[in-house]
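Engineer: structure of the sequence below:
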Amino acid sequence: MAQQAAGEDHRQRLAGVCAGGYLIIVLLASLYPFAGWRSTGTGMFAYLSMAWPAYHTPGDVELNVLGYLPLGVLLGLALERQGRRVAVGLATLLPGALSVLLEGLQTYLPARVPSKLDVLANLAGAGIGAVLTVEGWQRHGRSWRSGQGLFRPGPLTDVGLIVLLLWLFTQLNPEVALFATGDLGHLFGLLPELPYQASAYFLLELAITALNLTAALMLAALLTPAGAPWLRPLAGLLGAALGVKTLASFALFAPGGATLWMTRAAALGLALGAVLFLGLQRAPRRAAIALCALALLVGLLLVNLVPPNPYLQASAHALQYGHFASFRAITRLVSALWPLLSLAYLLTLWGECRSLNDGGG
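Structural biologist: Reported below is the predicted structural model:
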């Protein structure tokens, strides 16, 4: 019981730290570009009494829902032990209050337009994330913690689940190849702009898709106990990732662009990644950790070598404006940092294996 309580405390602290980190990302993205502050002659919260926006698209609402959903998830995990109603209520209302404040601050930014519709969408996103997380944890968390469910018991599994959740969130970045993460060089302007060549881009996109899919599936498999069924949950994870990618493309690209990510290279990369995972998933635990890290590192290198796809950039031109810019900033930053977070997690798993002298599983 003492060990279980310690694991619960660890999970709460971890979720709280992650929620704080994501909160910083939301703050930075919501107040982008941090320049041109001016007084408009209206109160900070005057937008709450204004008429509803005369024009908006479903994509506008979806982006605001999706942007706050991870915050609701993380706060729900951090507060779950306070009880279902308290956890859901706080994990919904706290982000809602934050949204009201940030929209008010956007009154003083010339490139931003505050809207109470955005507040409602943010509130809905946080609420959906909180309900799904708290209800799911209350229903299935006991079996996960006892090792009778799909996942290994222990706080490190909780960390891994959060890492996988963030991987799903990275699929909301529509400007990169399928499953591509870790674009640090282009994000921060550290690398020269390479010329786009269709043939080279095809091979790079194929390799990036295959390696990142292999790494994500192996990371998920490392969370399951030996002998546990893994096919259905991992197929579900892959399906969820493709669904999120499709939803992002539908919301951000021109009509008919929902499957713009499904190129011939991406399709071949999906097949190759699945074959690689099936060939490697039976490796001993420490070898699987090392192979997963290798796939992440090679994928990270290739992502920083591939030039931006001009066709995707042209299709996503709306991301430069308004709250589209906020959403773009959030997804790009999380996507860029995800491989580093995953490598740190794999290093922790490696250390656990060494301490337990668990070389085979």
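
Engineer: run a quick neighbour tally on residue 234.
Structural biologist: Counted with other Cβ atoms under 10 Å, the neighbours of residue 234 add up to 20. Where you see a C-beta, it was placed from the backbone N, CA and C, and this is true even at glycine.

Engineer: so for this protein, the centremost residue is which one?
Structural biologist: The centroid of the chain falls nearest to residue 169 when counting by Cα atoms, centre = their mean (2.2 Å).

Engineer: which stretches of the stretch 51-200 of the chain have low pLDDT?
Structural biologist: 54-60, 137-150, 175, 186-194, 196 (pLDDT under 70).

Engineer: list the contacts for residue 182?
Structural biologist: Residue 182 sits next to 296, 299-300, 303-304, 335-336, 338-340 when contact means Cβ atoms under 8 Å, 6 or more residues apart in numbering.

Engineer: residue contacts, the residue nearest to the centre of the chain?
Structural biologist: Taking Cβ under 8 Å, 6+ apart, one finds 70, 244, 331, 334 in contact with residue 169.

Engineer: let's see 6 Å
Structural biologist: With contacts defined as Cβ atoms under 6 Å, 6 or more residues apart in numbering, the neighbours of residue 169 are 70, 334.

Engineer: any idea which element residue 342 lies in?
Structural biologist: Residue 342 is located in helix 322-356, with elements delineated by DSSP states H and E.

Engineer: returning to that earlier point: name the SS class of the residue nearest to the centre of the chain, please.
Structural biologist: helix (DSSP: H, G, I helix; E, B strand; the rest coil).

Engineer: show the buried residues in the contacts of residue 182.
Structural biologist: Buried subset of the contacts of residue 182 (neighbour count, 16 or more other Cβ atoms under 10 Å): 296, 299-300, 303-304, 335-336, 338-339.

Engineer: now do the helix or strand encompassing residue 62 against helix 322-356, angle only.
Structural biologist: Assigned by DSSP H and E, residue 62 belongs to helix 58-79. Helix 58-79 runs at 30 degrees relative to helix 322-356, counting by axes from the mean of the first three to the mean of the last three Cα atoms, to 10 degrees.

Engineer: packing partners for helix 58-79?
Structural biologist: helix 2-30, helix 84-105, helix 116-146, helix 231-252, helix 322-356 (3 or more Cβ pairs under 6 Å, 6 or more residues apart in numbering; DSSP states H and E).

Engineer: output the contacting helices and strands for the second one.
Structural biologist: When contacts are defined as 3+ Cβ pairs under 6 Å, 6+ apart, helix 84-105 packs onto helix 58-79, helix 116-146.

Engineer: and if we set it to 8 Å?
Structural biologist: Helix 84-105 sits against helix 2-30, helix 58-79, helix 116-146, with contacts defined as 3 or more Cβ pairs under 8 Å, 6 or more residues apart in numbering; DSSP states H and E.

Engineer: ok, the spatially closest residue to residue 46 that is not a sequence neighbour to residue 288 distance?
Structural biologist: With Cβ to Cβ, 6 or more residues apart in numbering as the criterion, residue 46 has its nearest non-adjacent residue at 7.2 Å, and that residue is residue 107. Separation of residue 107 from residue 288 (Cβ to Cβ, to the nearest Å) stands at 52 Å.

Engineer: which of these two has more neighbours?
Structural biologist: residue 288 (21 against 18).

Engineer: quick check: that one touching residue 221?
Structural biologist: Yes. The criterion here is Cβ atoms under 8 Å, and residue 288 meets it with residue 221 at 7.2 Å.

Engineer: give me the common contacts of these two.
Structural biologist: With Cβ under 8 Å, 6+ apart, residue 288 and residue 221 have common neighbours residue 281.

Engineer: on that earlier part again, just the angle between the helix holding residue 342 and helix 84-105, please?
Structural biologist: Using the same axes, to 10 degrees, helix 322-356 lies at 130 degrees relative to helix 84-105.

Engineer: and helix 322-356, how far out from the chain's middle?
Structural biologist: 9 Å (Cα atoms, centre = their mean, to the nearest Å).

Engineer: no further questions, thank you.
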